[in-house]
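Participant: Sequence and computational prediction follow.
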Amino acid sequence: MKIDVKHVAELSRITLTEKELEKFTPQMETILESVTVLKEVDTENVQPMKDRVVFSDLRVDEPKNGLTQEDVLKNAPHKENGFVKVYGKIFGGIEES
């Protein structure tokens, strides 16, 4: 199965070198081929896994106090109006002022 890894990387806002594209393209194609094989597995008489999950083994969810706004902002390199200001490739095109 063919995949355009360069296009996927661009959609994900990840920059890949030509060497990385050469490395990752066959790896992604192998992964997609493996998933295709799973479609051929006969699951007609297989019970869903949800019936086998034991929820009593899960930990008790106990509420805890989170960080204060002051603590969160204490180590933030960029902040504005009480919020952490994020730059660069994360949201694309936000320039540092």
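Facilitator: Okay, I see it. Numbering: from 1, shown residues only.
Participant: Nearest residue to the middle of this structure?
Facilitator: The residue lying closest to the centre of the chain (C-alpha atoms, centre = their mean) is S12, at 9.9 Å.
Participant: Please report how far that one lies from V5.
Facilitator: 10 Å (C-beta to C-beta, to the nearest Å). The way it works is simple: take the backbone N, C-alpha and C, and place the C-beta from them, glycine included.
Participant: coming back round to it: got the phi and psi for the residue nearest to the centre of the chain?
Facilitator: When read as degrees, to the nearest 10, the backbone of S12 gives phi -90, psi 0.
Participant: cool, and V86?
Facilitator: phi -110, psi 140.
Participant: number of nearby residues for it?
Facilitator: By other C-beta atoms under 10 Å, the residues close to V86 number 11.
Participant: now A9
Facilitator: A count of nearby residues for A9, using other C-beta under 10 Å, gives 15.
Participant: Which residue, neighbours along the chain excluded, lies closest to it?
Facilitator: Spatial nearest neighbour of A9, excluding adjacent residues (C-beta to C-beta, 6 or more residues apart in numbering): L16 at 4.8 Å.
Participant: which residues does that neighbour contact?
Facilitator: By C-beta atoms under 8 Å, 6 or more residues apart in numbering, the residues touching L16 are 5-6, 9, 24.
Participant: these two touch, right, V84 and D71?
Facilitator: No: using C-beta atoms under 8 Å, V84 is not in contact with D71, being 11.9 Å away.
Participant: Look at the two and report which has more neighbours.
Facilitator: With neighbours defined as other C-beta under 10 Å, V84 and D71 compare such that V84 has more, 12 against 9.
Participant: And what about the closest residue to the more buried one other than its chain neighbours, helix, strand or coil?
Facilitator: Excluding its sequence neighbours, the residue lying closest to V84 (C-beta to C-beta, 6+ apart) is A76, at 4.5 Å. Remark: A76 carries the secondary structure label coil [criterion: DSSP: H, G, I helix; E, B strand; the rest coil].
Participant: Measure how buried A76 is and give me the count.
Facilitator: Applying other C-beta under 10 Å, we find 12 residues neighbouring A76.
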